[in-house]
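**Student:** all I have is the shape, not the residue letters:
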């Protein structure tokens, strides 16, 4: 085990048996034989290290195996093959208030729950008053929790969770539910753990959170490691992978009286084949289809860079090309450029909305992407054409 | 196996907490609380003292004889019945938290043990208070019998707890099995009677009495009875073993039980890797 790794995941595979009709009795199992079980590999040959003191993001779409992986690391599931080694005390927050029993008092449940998170009685004694204060439940601790409101229960579970004292903390996305204040407290707490030099493994859907909180990330796709490294790169790969395979993942909204039938990124009249160079002209072509006649819709676009910063945008109204009353199909083209873009990846948002921008007919949020490559390889801050001239004075 | 024991030791706090939780949940919201546990043998003593007066039983101090064997049986019975449900009842924990899964059935044995201690102390107090007393020549069998009982109970509880996750038949089978097992053990009837009746019966070349002795609870219950029951006719009620032989048998049951415990623990550990999926 390398000295700097808090968690070592080596060739981990996890097979689940999928029973069409799960036999839970001996008779069923004998009669069914093996034929009705199907193998499903939730994880396949997963290998990575979580360096000590790092904040590690695990991302992937639904069913990619990230929660399974978290449970394997936590020891809740045993890998079918491969191994997980981990050093230091580990606490897994997969659920708030694990082990809470309605008949027990708040105090008893705190001690019970804390012991499941790896805290001894004495350690819990030390932080008990803090937990009660944090949960704002002074005066209720000797009451059975069956009399608590659901809000009180969540506060108590959360208060215990944030007072655990592990070297390695595993956090599942279930903690990301709750109101904004609650989430802010979660994030504040995670940042404090980071400052204290603890290792954190975070499973989440929120890609921006990964970029904001983590220094390393792994992306799982159908149980395999698809990308690993700096969060920005992994998140970008994640977006690309998702967009290519699963267009439904890209955020879309609108009432769809007018729909974006299709859209394409072109150079001249040709579809984009590879990266653009600074100075190229990009054409965004949008084909509209009106499902019912609509008066004077506006088509707009926006470009964002990989760090999600707005770069440039435009629309048909300000460009002075009104669409008029739209019935049937219409094609709109934006010619963007010559591009003064620096090297990198860019994301295109396309929308159709009413002229006053109050009503969105159809918006496709960052569904299309292109990249720009330059001779400077991305070191430049802005692309400025430079022309050199040699002459005799 | 050594790593399993060490792992278990480092998580013992969860075990104590679960036992404490079960006991609290059992008695919370009841006015008398743990007194109910104590009341159970008191009522038994009272009822059977009365029944014996009315019916006559042929066994001197029948309530003492009965409770000496019934209390250890209750420990086994409660451990197996609750232990078989322990993993399923805590499905939410198993799916969300890591801890050695052995803790769940062990906690039910722990709860049953607390009840056993409470009820036995009622019996022991009764023995002292009623002037029945103890006999030093046999009382040393008592700790031996407790050790054998705990080892056997733990071994079988781990087995049924693990099996019941995969095959829910086990809980139904267990109810019938415990009924048969109860009557195959000399708890309500004298062991001596079984010995005399079965010694002359042969089943496939073996003495039926020897087959009967394969039931570890026969030895364990006989041990408890010999340790506590010393009425004048004890010789005609208890199986014909010297105290020394019974001590040796109890030791043998403990040793074989430990081997079985090693086996069922390994089986439990192997199966527990799938618990989070099977539930």
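**Tutor:** Perfect, thanks for sending it. Quick caveat: nothing in here was measured; it's all calculated off a predicted structure. Numbering: from 1, shown residues only, chains lettered A, B, ... in the order given.
**Student:** ok, residue A:332 - contacts?
**Tutor:** Residues near residue A:332 by CB atoms under 8 Å, 6 or more residues apart in numbering or on different chains: A:285-286, A:288, A:299, A:316, A:321, A:323. For the C-beta atoms, the positions are set from N, CA and C on the backbone; glycine is no exception.
**Student:** actually residue B:33, not the one I typed
**Tutor:** By CB under 8 Å, 6+ apart, the residues touching residue B:33 are residue B:27.
**Student:** which parts of the stretch 1-150 of chain A sit against chain B?
**Tutor:** A:16-17, A:24-27, A:29, A:71, A:74-78, A:92, A:94-95, A:98-99, A:101, A:103-104, A:108, A:111-112, A:115-117, A:120-121, A:144 (CB under 8 Å from any CB of the partner chain).
**Student:** how about a cut-off of 6 Å?
**Tutor:** A:24-26, A:74-78, A:94-95, A:98-99, A:103, A:112, A:115-116, A:120 (CB under 6 Å from any CB of the partner chain).
**Student:** and the residue nearest to residue A:161 when sequence neighbours are not counted, backbone torsions?
**Tutor:** Distances taken as CB to CB, 6 or more residues apart in numbering or on different chains place residue A:93 nearest to residue A:161, at 5.2 Å, with adjacent residues excluded. Dihedral pair for residue A:93: phi -100, psi 90, per degrees, to the nearest 10.
**Student:** same check, this time on residue A:57
**Tutor:** Torsion angles, degrees, to the nearest 10, at residue A:57: phi -100, psi 130.
**Student:** now it: how far from residue B:196?
**Tutor:** Residue A:57 sits 75 Å away from residue B:196, going by CB to CB, to the nearest Å.
**Student:** between those two, which one's more packed in?
**Tutor:** Each of residue A:57 and residue B:196 has its neighbours counted (other CB atoms under 10 Å in any protein chain shown); residue A:57 has more, 27 against 14.
**Student:** and the nearest residue to residue B:201 once chain neighbours are set aside, what pLDDT?
**Tutor:** Counting by CB to CB, 6+ apart, residue B:208 is the residue found nearest to residue B:201 once chain neighbours are left out, at 4.0 Å. pLDDT recorded at residue B:208 is 90.
**Student:** what about residue B:208, how many residues nearby?
**Tutor:** 16.
**Student:** kindly report the same for residue B:272.
**Tutor:** 21.
**Student:** not including adjacent chain positions, what is the nearest residue to it?
**Tutor:** Excluding its sequence neighbours, the residue lying closest to residue B:272 (CB to CB, 6+ apart) is residue B:101, at 3.8 Å.
**Student:** hmm, back to that, now, the residues of the stretch 1-150 of chain A next to chain B that are in helices?
**Tutor:** A:26, A:74, A:112, A:115-116 (DSSP state H).
**Student:** redo those as CSV? Include distance to residue B:174.
**Tutor:** As requested, those are exported to CSV (distance: CB to CB, whole Å):
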residue, distance to residue B:174
A:26, 13
A:74, 32
A:112, 28
A:115, 30
A:116, 28
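**Student:** among those, which pair sits farthest apart?
**Tutor:** By the measure CB to CB, A:26 and A:115 form the most distant pair in these, at 35.5 Å.
**Student:** who has more neighbours out of these two?
**Tutor:** Shown here are residue A:26 and residue A:115; by other CB under 10 Å, residue A:115 has more neighbours (24 against 15).
**Student:** point out where the chain drops to low pLDDT.
**Tutor:** Let's take chain A. Across chain A, the ranges flagged by pLDDT under 70 are A:1-3, A:19-37, A:174-179, A:182, A:240-252, A:307-308, A:376-379.
**Student:** look at chain B instead
**Tutor:** B:29-31, B:57.
**Student:** near chain A, which residues of it?
**Tutor:** Neighbours of chain A within chain B, by CB under 6 Å from any CB: B:13-14, B:17, B:21, B:25, B:28, B:93, B:96-98, B:167-169, B:273, B:276.
**Student:** which one of those is nearest residue B:239?
**Tutor:** residue B:169 (34.2 Å).
**Student:** ok, the most centrally placed residue in chain B - contacts?
**Tutor:** Chain B has residue B:76 as the residue nearest its centroid, 2.9 Å off, counting by CA atoms, centre = their mean. Counting by CB atoms under 6 Å, 6 or more residues apart in numbering or on different chains, residue B:76 touches residue B:153.
**Student:** looking at this, it is in a strand?
**Tutor:** No. Using DSSP: H, G, I helix; E, B strand; the rest coil, the secondary structure at residue B:76 is helix, not a strand.
**Student:** quick one: the closest residue in space to residue B:190 that isn't next to it in sequence and chain A, what's the gap?
**Tutor:** Among residues not flanking residue B:190 along the chain, residue B:237 sits closest, at 4.2 Å (CB to CB, 6+ apart). Going from residue B:237 to chain A by CB to the nearest CB, to the nearest Å gives 40 Å.
**Student:** same question, residue B:267
**Tutor:** Per CB to the nearest CB, residue B:267 is found 15 Å from chain A.
**Student:** count of neighbours near that residue?
**Tutor:** Neighbour number of residue B:267 under other CB under 10 Å is 14.
**Student:** now residue B:248
**Tutor:** With other CB under 10 Å as criterion, residue B:248 counts 14.
**Student:** what's the biggest helix by length in chain B packed up against?
**Tutor:** Among the segments of chain B that qualify as a helix by DSSP H, the longest is helix B:243-272. Packing partners of helix B:243-272 (3 or more CB pairs under 6 Å, 6 or more residues apart in numbering or on different chains; DSSP states H and E): helix B:141-166, helix B:216-228.
**Student:** could you dump these to TSV with mean neighbour count?
**Tutor:** Output for those, formatted as TSV (neighbours: other CB atoms under 10 Å in any protein chain shown):
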stretch	mean neighbour count
helix B:141-166	23
helix B:216-228	26
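**Student:** of the ones you listed, which approaches residue B:47 most closely?
**Tutor:** That would be helix B:216-228 among these, by CB to CB, at 18.9 Å.
**Student:** tell me the angle of that closest one relative to helix B:141-166?
**Tutor:** Per axes from the mean of the first three to the mean of the last three CA atoms, to 10 degrees, the angle that helix B:216-228 makes with helix B:141-166 is 150 degrees.
**Student:** which strands and helices sit next to helix B:216-228?
**Tutor:** Using 3+ CB pairs under 6 Å, 6+ apart, helix B:216-228 sits against helix B:62-89, helix B:136-139, helix B:141-166, helix B:243-272.
**Student:** circling back: give me the number of residues near the residue nearest to residue B:272?
**Tutor:** 25.
**Student:** repeat for the one 10 residues further on
**Tutor:** Around residue B:111 there are 24 other residues, counting by other CB under 10 Å.
**Student:** ok, for it, nearest residue in space, not its chain neighbours?
**Tutor:** residue B:22 (4.6 Å).
**Student:** which strand or helix spans the one you found?
**Tutor:** Using DSSP states H and E, residue B:22 falls within helix B:12-27.
**Student:** check what contacts that helix and list those residues.
**Tutor:** Residues outside helix B:12-27 that contact it (CB under 6 Å, 6+ apart): A:103, A:112, A:115, A:120, B:33-34, B:99, B:103, B:106-107, B:110-111.
**Student:** give me phi/psi at residue A:50?
**Tutor:** On the backbone of residue A:50 - angles per degrees, to the nearest 10 - the values are phi -110, psi 110.
**Student:** so what's it up against?
**Tutor:** With contacts defined as CB under 6 Å, 6+ apart, residue A:50 is in contact with A:6-7, A:56.
**Student:** for these, which one is nearest chain B?
**Tutor:** Of all the contacts of residue A:50, chain B sits closest to residue A:7, with 13.7 Å by CB to the nearest CB.
**Student:** distance of the closest residue in space to that closest one that isn't next to it in sequence from chain B?
**Tutor:** Distances taken as CB to CB, 6+ apart place residue A:50 nearest to residue A:7, at 4.0 Å, with adjacent residues excluded. Separation of residue A:50 from chain B (CB to the nearest CB) stands at 17 Å.
**Student:** I'm done for today, thanks for sticking with me.
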